[in-house]
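**Q** Sequence first, predicted coordinates after that:
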Amino acid sequence: LVDWPLTWTCCALAVAALVLLCPQLLRAFYSAERRTEKDELDLGDRKHYMRVKVWCSLMCFLIFSLMVVPAFGEFAALFRCRRAADGAWRLSADQSIRCWEGVHLFVSIACLVLGSLYLACSLLLETVNFELRSLLESKLAEQASFPASSHFSCGRKVTLRRLLYIMFAHLLPGSRLGLPKVYMGVFTRSSCSLVSRQVRFVSKIVLVMADSSIQNVAYRLLFMIAVALVNLFVIIIFPPLLDSHLMRFLYLLSGSVFAASCCALVAHLGTASIRTPLAAAYVLISFMPILYMLFGFVRQAVEKCQRAGRCGRSSSVTPTLSSLSSLPSSSSLPSLNSSSLSVSSVRSCLCCCLCWPCRLLHKLICCLLCCSSSNNSS
């Protein structure tokens, strides 16, 4: 069974068929969400419902995000046929299978049907950033996507028919999925973030299918450049985030993908003498977003240490009686947040976001700057 060329395609079909279980996951999640909001729950029941919520979210992310790329790669390989010497169309992976006949025809029809449903459901969950509560409380054309109903234990009408309707209806030009506004700090989404997320998700699917279908390397790189350019324009026109620093990082990331693809195309079409400098440029362009992120964190650490040094120098002045008599009252003094003047807040942020070499570099820079500021103050 493992040696059969359509085995992995059937596995991808089984993954795509899991879209039929998505309403059960949504109902279980929202039912647990409502129960955790009750105050009379004890600690054991609250932990149980929290595990249910985490399990449902992880299953949706695993099925409709991580498994999307390999599944559609198998779907694309199924339609990759070539004409054999006898004039018949045969599968490129196995010349013994005739295309559009018998088992291949049946599996192809199943891929078209289940693949369309799988793509639409994955796009819907990607649009809401896999926030299941936002999806269940969303609105479509000023009406609730999943209306309240007492016939369901979760309190909302979450059925397969309703989910299929939302999956395709929100893609129509006149219908837009209205999500509840959720403040997430620097990751707060803008009002036009849905378009950029949908374009990025579709680009991921198109790239993996083109990689399995296009044989010519130059044409494949040209297609990648076109997709990267479209993504760059979409992010510029429809910014997904409100934070300007993260948006600059996204601009740099999309631009580096486009520039690196151009370098790869020129190196493929050019001579051997220009491939070495192009390879160096490719590596440099690829690491530009990481260097920009590191530079931002280091600059933030420098500013925090400089503030702490100025505060230390001002506090080291010996007060006199005349200076004490001229001090303003405590009510007129501005309130200072000590957490904004400490380096530990930056260190805790870096520990969550960066790997251990970056944390080590940050600690070294903070120690050097703090030592220099203490020397200057003394």
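**A** Looks like it came in fine.

**Q** from here on, contacts and neighbour counts on C-alpha atoms
**A** Noted.

**Q** got the buried residues for stretch 82-97?
**A** Neighbour counts over stretch 82-97 (16 or more other C-alpha atoms under 10 Å) mark 82, 89-92, 97 as buried.

**Q** er, stretch 285-301 actually
**A** Across stretch 285-301, burial judged by 16+ other C-alpha under 10 Å covers 285-286, 288-289, 294, 297-298, 301.

**Q** what does stretch 64-82 give?
**A** Within stretch 64-82, the residues scored as buried using 16+ other C-alpha under 10 Å are 64-65, 68-82.

**Q** and what of stretch 244-262?
**A** Under 16+ other C-alpha under 10 Å, the buried positions of stretch 244-262 are 247, 249-262.

**Q** show me where the stretch 201-350 of the chain has helices.
**A** For the stretch 201-350 of the chain, the helices defined by DSSP state H, counting those that start in this stretch cover 217-237, 244-269, 275-286, 288-315, 321-325, 344-353.

**Q** can you put those helices in TSV and add mean pLDDT and distance to residue 121?
**A** As requested, these are arranged in TSV below (pLDDT from 0 to 100; distance: least, C-alpha to C-alpha, whole Å):
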stretch	mean pLDDT	distance to residue 121
helix 217-237	92	21
helix 244-269	90	26
helix 275-286	89	32
helix 288-315	75	31
helix 321-325	42	69
helix 344-353	44	30
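
**Q** for those, which one sits closest to residue 176?
**A** helix 217-237 (17.6 Å; C-alpha to C-alpha).

**Q** Just the buried residues of the closest one, please?
**A** Going by neighbour count (16+ other C-alpha under 10 Å), the buried part of helix 217-237 is 220-221, 223-225, 227-232, 234-235.

**Q** got the angle for it vs helix 244-269?
**A** Here the directions of helix 217-237 and helix 244-269 differ by 160 degrees (axes from the mean of the first three to the mean of the last three C-alpha atoms, to 10 degrees).

**Q** was I right about residue 120 contacting residue 166?
**A** No. Proximity of residue 120 to residue 166 does not meet the contact threshold set by C-alpha atoms under 8 Å, at 9.4 Å.

**Q** ok, back up a step: what is the nearest of the buried residues of stretch 82-97 to residue 147?
**A** Out of those, the member with the shortest distance to residue 147 (by C-alpha to C-alpha) is residue 91, at 46.8 Å.

**Q** any idea how far that closest one lies from residue 78?
**A** 7 Å (C-alpha to C-alpha, to the nearest Å).

**Q** Then residue 85?
**A** Residue 85 sits 20 Å away from residue 78, going by C-alpha to C-alpha.

**Q** for residue 48, same thing?
**A** Per C-alpha to C-alpha, residue 48 is found 43 Å from residue 78.

**Q** before we move on, back to that, how about the buried residues of stretch 82-97 in TSV, adding distance to residue 108, secondary structure and pLDDT?
**A** Converted to TSV, these look like this (distance: C-alpha to C-alpha, whole Å; DSSP: H, G, I helix; E, B strand; the rest coil; pLDDT from 0 to 100):
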residue	distance to residue 108	secondary structure	pLDDT
82	16	strand	87
89	14	strand	89
90	14	strand	89
91	12	strand	88
92	15	coil	86
97	13	coil	87
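
**Q** can you list those in TSV and add distance to residue 16?
**A** Below are the buried residues of stretch 82-97 laid out as TSV (distance: C-alpha to C-alpha, whole Å):
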residue	distance to residue 16
82	26
89	27
90	25
91	22
92	23
97	23
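
**Q** Farthest pair within those?
**A** 82 and 97 (11.1 Å).

**Q** quick one: common contacting residues for the two?
**A** Counting by C-alpha atoms under 8 Å, 6 or more residues apart in numbering, the shared contacts of residue 82 and residue 97 are 90-91.

**Q** what are the phi and psi values for the most centrally placed residue in the chain?
**A** In the chain, the C-alpha nearest the mean C-alpha coordinate belongs to residue 129, at 7.5 Å (C-alpha atoms, centre = their mean). Per-residue torsions, residue 129: phi 60, psi 30 (degrees, to the nearest 10).

**Q** ok, now how distant is it from residue 244?
**A** For residue 129, the distance to residue 244 - C-alpha to C-alpha - is 20 Å.

**Q** What is the burial count for residue 284?
**A** 14 (other C-alpha atoms under 10 Å).

**Q** again, but for residue 34
**A** Using other C-alpha under 10 Å, the number of residues around residue 34 comes to 12.

**Q** How about the one 4 residues further on?
**A** When neighbours are counted by other C-alpha under 10 Å, residue 38 registers 10.

**Q** What pLDDT is listed against it?
**A** Reported pLDDT at residue 38 in the predicted model: 77.

**Q** Residues contacting stretch 44-55, please?
**A** Stretch 44-55 is contacted from outside by 28-30, 32-33, 35-36, using C-alpha under 8 Å, 6+ apart.

**Q** export it as PDB, just CAs?
**A** Extracted as PDB, the C-alpha positions of stretch 44-55 are listed here (Å, rounded to 0.1, in the frame of the first residue of the first chain):
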ATOM      1  CA  GLY A  44     -10.900  21.500  38.400                       C
ATOM      2  CA  ASP A  45     -13.800  22.100  36.000                       C
ATOM      3  CA  ARG A  46     -12.300  25.400  34.800                       C
ATOM      4  CA  LYS A  47      -9.000  23.600  34.000                       C
ATOM      5  CA  HIS A  48     -11.000  20.900  32.100                       C
ATOM      6  CA  TYR A  49     -12.800  23.400  29.900                       C
ATOM      7  CA  MET A  50      -9.600  25.400  29.300                       C
ATOM      8  CA  ARG A  51      -8.000  22.100  28.000                       C
ATOM      9  CA  VAL A  52     -10.900  21.600  25.700                       C
ATOM     10  CA  LYS A  53     -10.500  25.100  24.300                       C
ATOM     11  CA  VAL A  54      -6.800  24.600  23.800                       C
ATOM     12  CA  TRP A  55      -7.300  21.200  22.200                       C
END
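
**Q** Please consider this matter closed, and thank you.
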